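In: Sharing a model that was predicted from the sequence below.
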Amino acid sequence: MSVGSLRRALRESVAGLPREFWWLWTSTLVNRLGAFVATFMALYLTLERGYSASYAGLVAALHGLGGVVSALVAGVMTDRLGRRPTLVAANVSTAFSVALLGFMEHPAAIAAVALLVGMASNASRPAVSAMMADIVRPEDRVRAFALNYWAINLGFAISSTAAGLVAEYSYLAGFLGEAALTLLCAVLVYAKLPESRPEPVGAAGGGALRPEPAVGLGSVLRDGRFMGVVGLSFLISLIFTQGSVGLPVAMGAAGFSPGDYGLAIAVNGLLIVALQIPVTRFIEHRDPQVLLVVSALLAGYGFALTAFAGSLWAYALTVCVWTLAEIVNSPTQMGLVVRLSPVRGRGRYQGVYTMSWSVASLIAPLMAGYVIDRYGAGWLWGATGVLGTVTAVGYWLLMRRLPPEPSPLSASGGTTPAAAPAPAPAAQP
């Protein structure tokens with residue numbers, strides 16, 4: 001492909017997205033540049049503090065438990081208070097709790113603060129996704145979610161490499177660095193992002209206007225097809241989470257250093273940065289059922305190949321396989337979640353969807369620690385292959401007779417920026 005073709009593809013990938021989206025994109029990038037705790041917590045506890053893999057799994061599980069609690073609360077806050085105040089509160093509380101975690105020494109204190117960090121850091125996810133659905137037109141959402149995921153991994157690729165080197169000298173510096181960048185993210189959201197929550201729509205009745213009925217959590221839980229997506233999201237999350245809980249523990253037990261793990265996992269972010277845009281252009285208008293089935297198989301068997309890795313390059317090769325699954329799965333599944341979510345309940349729907357990842361973050365570390373300590377890492381990687389197969393079958397069954405995509409007007413409720421004419425192509429701010 002020529003340089004001119006690459007430039008044209010890049011312009012087409014970013015064209016038509018509103019300026020508010022790019023500020024949200026920038027806040028995501030800044031946030032992920034500071035990703036340290038989730039990536040290096042297992043190594044910090046096992047290598048720096050000398051705790052067992054089971055204890056590291058327990059702390060990571062408490063981090064996930066915090067996310068389970070906050071996902072539902074943040075989803076309700078996103079609908080009731082708004083996207084912007086929820087984002088600001090989540091980022092400020094994350095910054096302070098991460099900084100505090102770096103100074104904790106007693107095992108019980110580390111576990112308690114890790115729970116707080118999980119609650120705070122996970123609270124921003126429903127608001128980010130709901131705001132993105134508000135401000136981006138339905139036909140552009142898969143592309144927008146892909147670009148946001150690209151920003152996540154651009155920041156991750158940079159931070160994982162740098163943090164791996166920082167961790168060899170001072171883990172505390174990593175905690176404080178994440179706190180500073182998360183606080184900067186809160187300032188950016190407060191200064192640049194307007195509120196996007198749709199205004200209540202009235203319906204005529206008896207000569208007066210009455211507000212549209214609200215969507216409660218009960219409505220979400222009774223939505224069978226959507227909860228099926230949540231369940232499958234949980235299964236594939238169990239697989240992907242092993243990249244940050246099972247993989248570092250297994251590599252550490254095999255004699256690899258934090259820097260080695262940082263280099264191996266950085267391949268994940270670098271590949272997403274390089275391939276997310278062209279792959280998204282390829283899959284944007286293809287059958288989501290096929291995409292989700294293929295991504296589940298790639299994820300499961302990509303991690304299963306880790307059982308045969310014996311060198312840093314071999315680990316990096318397995319990362320390449322399951323990274324391709326991430327590139328396909330993330331924007332496709334996020335687009336499906338928005339497609340199945342009513343406008344007035346986007347926060348709650350996103351909160352329940354986010355909870356699937358949070359529950360996986362709770363269970364995956366416990367599973368990884370127990371299996372590695374008792375049976376060895378090979379059994380863990382074999383389990384991921386089984387989970388990938390089960391998830392692929394689930395996607396194939398669930399996606400049959402999928403409801404048609406709603407029209408742009410109905411998808412946006414007619415009151416959000418997504419319903420407005422497309423603005424001129426906006427450059428990154």
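Out: All right, it came through fine.

In: could you pull out the helices for the stretch 301-429 of the chain?
Out: Secondary structure of the stretch 301-429 of the chain (DSSP state H, counting those that start in this stretch): helices at 312-339, 346-374, 377-398, 408-412.

In: Could you look over those helices and pick the most buried one?
Out: Greatest average neighbour count among the helices of the stretch 301-429 of the chain goes to helix 346-374 (a mean of 24), per mean count of other C-beta atoms under 10 Å. The way it works is simple: take the backbone N, C-alpha and C, and place the C-beta from them, glycine included.

In: which residues sit against the host helix or strand of Val30?
Out: Per DSSP states H and E, Val30 falls inside helix 19-33. Helix 19-33 is contacted from outside by 87, 91, 124, 128, 131-132, 135-136, 144, 147-148, 151-156, 158-159, 181-182, 184-185, 188-189, 192-194, 196, 417, 423, 426-429, using C-beta atoms under 8 Å, 6 or more residues apart in numbering.

In: Could I get the average pLDDT for the helix or strand following it?
Out: Going down the chain from helix 19-33, the next helix or strand is helix 37-43, by DSSP H and E. Here helix 37-43 scores 74 as its mean pLDDT.

In: on contacts alone, who are the packing partners of helix 37-43?
Out: helix 53-80, helix 107-122, helix 141-167, helix 171-192, helix 246-253, helix 258-283 (3 or more C-beta pairs under 8 Å, 6 or more residues apart in numbering; DSSP states H and E).

In: quick revisit: hey, C-alpha coordinates of the helix holding Val30 in CSV?
Out: Output in CSV follows, covering the C-alpha atoms of helix 19-33 (Å, rounded to 0.1, in the frame of the first residue of the first chain):
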residue,chain,number,x,y,z
ARG,A,19,-15.1,17.2,18.1
GLU,A,20,-16.6,16.1,21.4
PHE,A,21,-15.6,12.5,20.5
TRP,A,22,-12.0,13.5,20.0
TRP,A,23,-11.8,15.1,23.4
LEU,A,24,-13.3,11.9,24.9
TRP,A,25,-10.7,10.0,22.8
THR,A,26,-7.9,12.2,24.2
SER,A,27,-9.1,11.7,27.8
THR,A,28,-9.0,7.9,27.2
LEU,A,29,-5.5,8.1,25.9
VAL,A,30,-4.2,10.2,28.8
ASN,A,31,-5.9,7.8,31.2
ARG,A,32,-4.3,4.7,29.7
LEU,A,33,-0.9,6.3,29.5
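
In: so it versus helix 141-167, what angle?
Out: 30 degrees (axes from the mean of the first three to the mean of the last three C-alpha atoms, to 10 degrees).

In: While we're on Ser412, how confident is the model there?
Out: Model confidence at Ser412 (pLDDT) stands at 43.

In: just to revisit the earlier point, now the buried members of the contacts of helix 19-33.
Out: Buried subset of the contacts of helix 19-33 (neighbour count, 16 or more other C-beta atoms under 10 Å): 87, 91, 124, 128, 131-132, 135-136, 144, 147-148, 151-156, 158-159, 181-182, 184-185, 188-189, 193, 196, 417, 426.

In: How about the contacts made by the closest residue to Thr78 other than its chain neighbours?
Out: Once flanking residues are discounted, Thr78 sits nearest to Gly347: 3.0 Å by C-beta to C-beta, 6 or more residues apart in numbering. For Gly347, the contacting residues are 74-80, 83, 86, 126-127, 130, by C-beta under 8 Å, 6+ apart.

In: Then Gly67?
Out: By C-beta under 8 Å, 6+ apart, the contact list for Gly67 reads 118-119, 121-122, 354-355, 357-358, 361-362.

In: Where does Tyr169 fall, secondary structure wise?
Out: Assigning secondary structure by DSSP H and E places Tyr169 outside every helix and strand.

In: so Ser237 sits right up against Ser356, yeah?
Out: Yes. The pair Ser237 / Ser356 is scored as a contact, 6.1 Å apart, by C-beta atoms under 8 Å.

In: Got the confidence number for the residue nearest to Thr78?
Out: The predicted local confidence for Gly347 is 86.

In: if I look at it, how far off is Ser27?
Out: Gly347 is 18 Å from Ser27, where distance means C-beta to C-beta, to the nearest Å.

In: cool, and Glu168?
Out: 29 Å.

In: And those two? Which one has more around it.
Out: The residue with more neighbours, out of Glu168 and Ser27, is Ser27; 24 against 13, by other C-beta atoms under 10 Å.

In: Relative to Asp134, how far out is that one?
Out: Look at Ser27 and Asp134: by C-beta to C-beta, they are 15 Å apart.

In: Run through the stretch 51-200 of the chain and note the low-pLDDT ranges.
Out: 160, 200 (pLDDT under 70).

In: oh, I was asking about the stretch 301-429 of the chain
Out: Scanning the stretch 301-429 of the chain for pLDDT under 70 picks out 401-429.

In: Could you give the number of residues near Gly102?
Out: Gly102 has 20 neighbours, counted by other C-beta under 10 Å.

In: The closest residue to it other than its chain neighbours and Leu181: what is the separation?
Out: Excluding the flanking residues, the one nearest Gly102 by C-beta to C-beta, 6+ apart is Phe175, at 2.9 Å. Using C-beta to C-beta, Phe175 is found at 11 Å from Leu181.

In: The helix holding Val30 to helix 258-283, inter-axis angle?
Out: Going by the same axes, to 10 degrees, helix 19-33 makes 160 degrees with helix 258-283.

In: Quick one: mean pLDDT for helix 19-33?
Out: For helix 19-33, the mean confidence score works out to 88.

In: Tabulate the helices of the stretch 301-429 of the chain (TSV), appending distance to Arg32.
Out: Below are those laid out as TSV (distance: least, C-beta to C-beta, whole Å):
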stretch	distance to Arg32
helix 312-339	14
helix 346-374	15
helix 377-398	24
helix 408-412	28
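
In: Out of these, flag the one nearest Ala304.
Out: helix 377-398 (3.5 Å; C-beta to C-beta).

In: Counting by contacts, list what that closest one packs against.
Out: Right, helix 377-398 is packed against helix 224-240, helix 246-253, helix 288-304, helix 346-374 by 3+ C-beta pairs under 8 Å, 6+ apart.

In: looking at the ones you listed, which is closest to Ala99?
Out: helix 346-374 (21.0 Å).

In: could you give the angle of the closest one to helix 53-80?
Out: 180 degrees.
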